[in-house]
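J.: Need coordinates for the below:
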Amino acid sequence: MKRFTIILSILMALSMLLAACQPATPPPATEATEALAPATEAPTEAAATPVEFTLWIMPNGVDPQAAIDAELNDFMAANPNIKVDTEVVGWGDAYGRIQTAVQGGEGPCVTQMGTTWIPTFGTMGGLYEYTADDIAALGGAENFVPASWTTAAVEGTTAAIPWFADVRAMAYRKDVLDKIGVTPEEAFKDMDSFVATLQKVKDANLTDANGDPIAPFINTGRNDWNVWQNASMWIWNYGGDLLSPDGTKAAFNSDSAIGGVVAYYGLYGQGLTSSDTLELNSAQTDQRFGEGAAFSYMTGPWIISNARADLATSGWSEEASQNLAFAGIPAGPGGQYTFIGGSNLAILKSCPYQKEAFDLVKFLTSKDSQIRYANAVGMLPATLEAQNDTAFTEDPLFSVFIEQAKNGKTSNPIPTWGQVENTINPAYQALWETVASNGVGKPITADQVKTTLDDAASTVDTLLAQ
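T.: Sure, this is the predicted structure:
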């Protein structure tokens, strides 16, 4: 009897030890085991574990919170254990806050990033590196707009996935062209014909609904945050570039680049812009055009949603809303190119829920989400699959941007781009000061442009050499 009791005790101890060694949750099921599992099988503990993390976005579109809420509601409905909190971070604060988060390891799990920021943040070591399997799960690099995909990687590492594309074009009023008897094909054929069209608008002395003059052209001046982006399109179309092809030397002070700057900045001196255009930023030029105060200006697809919104809330005039049209940036002696920017999605390495964060990125780059969100914020999808949907290809306004995206360019994907941008932006702002000093009737000269840009190029060359 005593021996039996000892054996029984040993067996009970072994049973308890084996039970303690079992995994807390069953291993992940394969497709085969899922097919064999009964329909009433309870979810695993891992699948039911609540996950909550934060997404940072910038003020995209007319109603940024409503636009992202529509996407997150669908995502969270499909993933009931995941809760995504959103914080809308102003563009003026975003760069500094993201830099602090990337360097310090505290911040959101997923964040929107401007495309030109990727080379800087992508080399700080604080971002998740998307693997080849990750990219394949997103449809592969070939699923994205080529110019947008070039902004995803830095030094061979994919640091941020394109979310939406900001493509620039020339917005104009169809009714104004009709009044001066010029067709769109003639007006925007090349830089010479464009300037000639602006002169005809000026000579026509047209007025808006309030009796105020309609300016031939408005542009952002010294107070704008993307002044180099606007100048870049004229530089490229005149055969110049920002940096050398290998990104090691400044090129924005070449003769071709200077020619483009002279042509663009010279519009003010020729009296072809509004008198206060040098004080305007991008938001103000959008508003001015929407009010009906200008014939044309360079902008992105975001104004489409403004033009189609209720006029009582959008601030647009009926004339501007009904006659909005787009054309490509006029070609120059160097070709026809446009700027492509937009935003990407990055995951911080410090995020404790990287799988769930990737699931969110995958959802936001899916076709349905791309179409919905791009329409909501007035941008183009970053994926070709979504761009080729009839919602964009058969839309007479969006289709112009899709065509222009084929000739898109952007900044050089080098780690020091942030420092380069911080050098060239003040230089282009300073040139607007020169334009203002010259006044109407005395357009800026090549020598004036060269003096300013040579100084900036010397600084940039030193940065790139380091």
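J.: for the stretch 151-300 of the chain, what are the low-confidence residue spans?
T.: Along the stretch 151-300 of the chain, no part satisfies pLDDT under 70.
J.: So which residues of it form strands?
T.: 153-154, 157-158, 161-167, 169-173, 215-217, 294-299 (DSSP state E, counting those that start in this stretch).
J.: how about those in a markdown table, adding mean neighbour count and distance to residue 438?
T.: For every residue, glycine as well, the C-beta is placed using N, CA and C. As requested, these are exported to a markdown table (neighbours: other CB atoms under 10 Å; distance: least, CB to CB, whole Å):
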| stretch | mean neighbour count | distance to residue 438 |
| --- | --- | --- |
| strand 153-154 | 20 | 40 |
| strand 157-158 | 16 | 46 |
| strand 161-167 | 27 | 31 |
| strand 169-173 | 24 | 25 |
| strand 215-217 | 26 | 17 |
| strand 294-299 | 25 | 21 |
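J.: Have a look at this structure and report its longest strand.
T.: Assignment by DSSP state E gives strand 338-347 as the longest strand of the chain.
J.: so what strands line up beside that one?
T.: Next to strand 338-347 in the sheet, as set by DSSP bridges, lie strand 110-114 (antiparallel), strand 161-167 (antiparallel), strand 408-409 (parallel).
J.: roughly how far out does that strand sit from the chain middle?
T.: 4 Å (CA atoms, centre = their mean, to the nearest Å).
J.: And stretch 213-224, by the same measure?
T.: Per CA atoms, centre = their mean, the centroid offset for stretch 213-224 relative to its chain is 22 Å.
J.: try stretch 382-393
T.: The answer for stretch 382-393 is 16 Å, by CA atoms, centre = their mean.
J.: And it, end to end?
T.: 14 Å (CA to CA, to the nearest Å).
J.: same question, stretch 313-329
T.: With CA to CA, one end of stretch 313-329 sits 30 Å from the other.
J.: same deal with stretch 213-223?
T.: Note: stretch 213-223 ends 23 Å apart using CA to CA.
J.: buried stuff in that stretch?
T.: 214-222 (16 or more other CB atoms under 10 Å).
J.: I'd like those as JSON lines, with distance to residue 355 appended.
T.: Formatted as JSON lines, those follow (distance: CB to CB, whole Å):
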{"residue": "214", "distance to residue 355": "55"}
{"residue": "215", "distance to residue 355": "53"}
{"residue": "216", "distance to residue 355": "54"}
{"residue": "217", "distance to residue 355": "50"}
{"residue": "218", "distance to residue 355": "48"}
{"residue": "219", "distance to residue 355": "46"}
{"residue": "220", "distance to residue 355": "42"}
{"residue": "221", "distance to residue 355": "47"}
{"residue": "222", "distance to residue 355": "46"}
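J.: of all those residues, which comes closest to residue 95?
T.: When the buried residues of stretch 213-223 are compared for distance to residue 95 (CB to CB), residue 220 wins out at 18.9 Å.
J.: In this structure that closest one contacts residue 280, no?
T.: Yes. In this structure, residue 220 is within contact of residue 280 by CB atoms under 8 Å, at 5.5 Å.
J.: quick one, what contacts residue 330?
T.: 170, 188-191, 193-194, 237, 336 (CB atoms under 8 Å, 6 or more residues apart in numbering).
J.: switch the cut-off to 7 Å
T.: 188-191, 194 (CB atoms under 7 Å, 6 or more residues apart in numbering).
J.: Just put those residues in JSON lines and tack on neighbour count and distance to residue 105.
T.: Shown next, in JSON lines, are these (neighbours: other CB atoms under 10 Å; distance: CB to CB, whole Å):
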{"residue": "188", "neighbour count": "24", "distance to residue 105": "49"}
{"residue": "189", "neighbour count": "16", "distance to residue 105": "53"}
{"residue": "190", "neighbour count": "14", "distance to residue 105": "51"}
{"residue": "191", "neighbour count": "20", "distance to residue 105": "49"}
{"residue": "194", "neighbour count": "26", "distance to residue 105": "50"}
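J.: sorry, back to before: what are the contacting residues of the helix or strand following the longest strand of the chain?
T.: Remark: after strand 338-347, the chain's next helix or strand is helix 354-364, criterion DSSP states H and E. Applying CB under 7 Å, 6+ apart, the external contacts of helix 354-364 come out as 51, 53, 55, 71, 75, 79, 82, 84, 109-110, 128, 134, 137-138, 161, 163, 345, 347, 351, 369.
J.: what's the neighbour count on the residue lying closest to residue 268 once chain neighbours are set aside?
T.: Of all residues not flanking residue 268 in the chain, residue 435 sits nearest, at 5.2 Å (CB to CB, 6 or more residues apart in numbering). Counted with other CB atoms under 10 Å, the neighbours of residue 435 add up to 24.
J.: separation between residue 435 and residue 260?
T.: 15 Å (CB to CB, to the nearest Å).
J.: ok, now residue 360?
T.: Computed as CB to CB, the residue 360 to residue 260 distance reads 41 Å.
J.: Same check on residue 271?
T.: 20 Å.
J.: The two: who's more crowded?
T.: Applying other CB under 10 Å to residue 271 and residue 260 shows that residue 260 carries more neighbours, namely 26 against 16.
J.: what helix or strand is the residue nearest to residue 268 on?
T.: Going by DSSP H and E, residue 435 is in helix 417-438.
J.: Check which helices and strands that helix sits against.
T.: On a contact count with 3 or more CB pairs under 7 Å, 6 or more residues apart in numbering; DSSP states H and E, helix 417-438 meets helix 118-121, helix 227-237, helix 255-269, helix 446-465.
J.: Look at residue 75 and say how many residues are nearby.
T.: Counted with other CB under 10 Å, residue 75 comes out at 17.
J.: mind checking the SS state of it?
T.: Reducing the assignment at residue 75 to three states with DSSP: H, G, I helix; E, B strand; the rest coil gives helix.
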